[in-house]
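Asker: coordinates only, no sequence provided:
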């Protein structure tokens, strides 16, 4: 189980770091800004999760491997763009950011729930779901704020709602399916909802 969690956390860290780095490239940031944006997107949700669950100092500072991977990933993306191997194309960039963001969202939502499950037996279902959603969307919100954008969760493709749906399924399937299957099911549901919402252009009602 520990190996499984570590592997999906690494995948999620890389996915969110790529999404942050590509947002920085789109905003014409320098290598430092891109590295910081990749780092913040990758570890921001985890830091918020640890603060909520009383895990102080946050895991990011006690085990810096995730921060290191996030920075290295962001720098690699920068170098690809800087050397011309990653040519800017609005549609391609938007799709890659969407893909990495969806993958990171699914993974970190269920990882957040797993961490909360193992932090205290006193956490009720509501708090477990809340921690999962905060872990999933936190990094993206911080990324968008640093990049000067309206946070993605408030404007497009039922972002937070996808995280919420996957978190609910994960929490309530935990006992019946077991931790690993519940986490995989929750993550797949989140990514599936994100793709369906993009394809069918699902959005929450808003005032025009």
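Answerer: Noted; the coordinates are in hand. Values in this document were obtained by computation on a predicted structure and should not be read as measured data.
Asker: going forward, measure contacts between C-alpha atoms and count neighbours the same way
Answerer: Will do.
Asker: quick check: which element contains residue 127?
Answerer: With elements taken from DSSP states H and E, the one containing residue 127 is helix 125-146.
Asker: try residue 203
Answerer: Applying DSSP H and E, one finds residue 203 in no helix or strand.
Asker: what about it, neighbour count?
Answerer: 14 (other C-alpha atoms under 10 Å).
Asker: buried residues, the one helix or strand residue 4 maps to. List them.
Answerer: Per DSSP H and E, residue 4 falls inside helix 2-26. Going by neighbour count (16 or more other C-alpha atoms under 10 Å), the buried part of helix 2-26 is 5, 8-26.
Asker: with stretch 174-189 instead?
Answerer: So, applying 16+ other C-alpha under 10 Å, buried residues of stretch 174-189: 174, 179, 182-189.
Asker: residue 43: which of these is nearest?
Answerer: Of all the buried residues of stretch 174-189, residue 187 has the smallest distance to residue 43: 17.9 Å, by C-alpha to C-alpha.
Asker: ok, and the closest non-adjacent residue to that closest one?
Answerer: Among residues not flanking residue 187 along the chain, residue 106 sits closest, at 4.2 Å (C-alpha to C-alpha, 6 or more residues apart in numbering).
Asker: what's the neighbour count on that neighbour?
Answerer: 31.
Asker: gap between the host helix or strand of residue 51 and the chain center?
Answerer: Using DSSP H and E, residue 51 sits within helix 31-52. With C-alpha atoms, centre = their mean, to the nearest Å as the basis, helix 31-52 stands 10 Å off its chain's centre.
Asker: all set, thanks.
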